[in-house]
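model the following, please.
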Amino acid sequence: MEALTSVSVALLTIYDMCKSFSKNLSISKIMLLKKSGGKSGNWSK
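Here you go, the predicted structure:
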């Protein structure tokens, strides 16, 4: 979950810096592909 939050914040930062150049930017398809460890164990899409 922390990794997804970090990626989202990083992309929003980049978006904020680039929106003056282009108004057509979009952020999409942020998703978890694989995880290991934790209480629920390993998971992959």
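
check contacts around the residue lying closest to residue 44 once chain neighbours are set aside.
Using C-beta to C-beta, 6 or more residues apart in numbering and skipping the chain neighbours, the partner closest in space to residue 44 is residue 34 (4.3 Å). In short, each C-beta sits where N, CA and C put it, glycine included. Going by C-beta atoms under 8 Å, 6 or more residues apart in numbering, residue 34 touches 43-45.

just curious, which of those is nearest to residue 20?
Nearest to residue 20 among the contacts of residue 34 is residue 45, at 35.2 Å by C-beta to C-beta.

now the residue lying farthest from the centre of the chain, what are its backbone angles?
No residue in the chain has its C-alpha farther from the mean C-alpha position than residue 39, which lies at 22.4 Å (C-alpha atoms, centre = their mean). Here is the backbone geometry of residue 39 (degrees, to the nearest 10): phi -60, psi -40.

give the rounded mean pLDDT of stretch 3-21.
Averaging pLDDT along stretch 3-21 gives 91.

can you list the residues that contact that stretch?
By C-beta under 8 Å, 6+ apart, the list of residues contacting stretch 3-21 from outside reads 25, 27, 30, 32.
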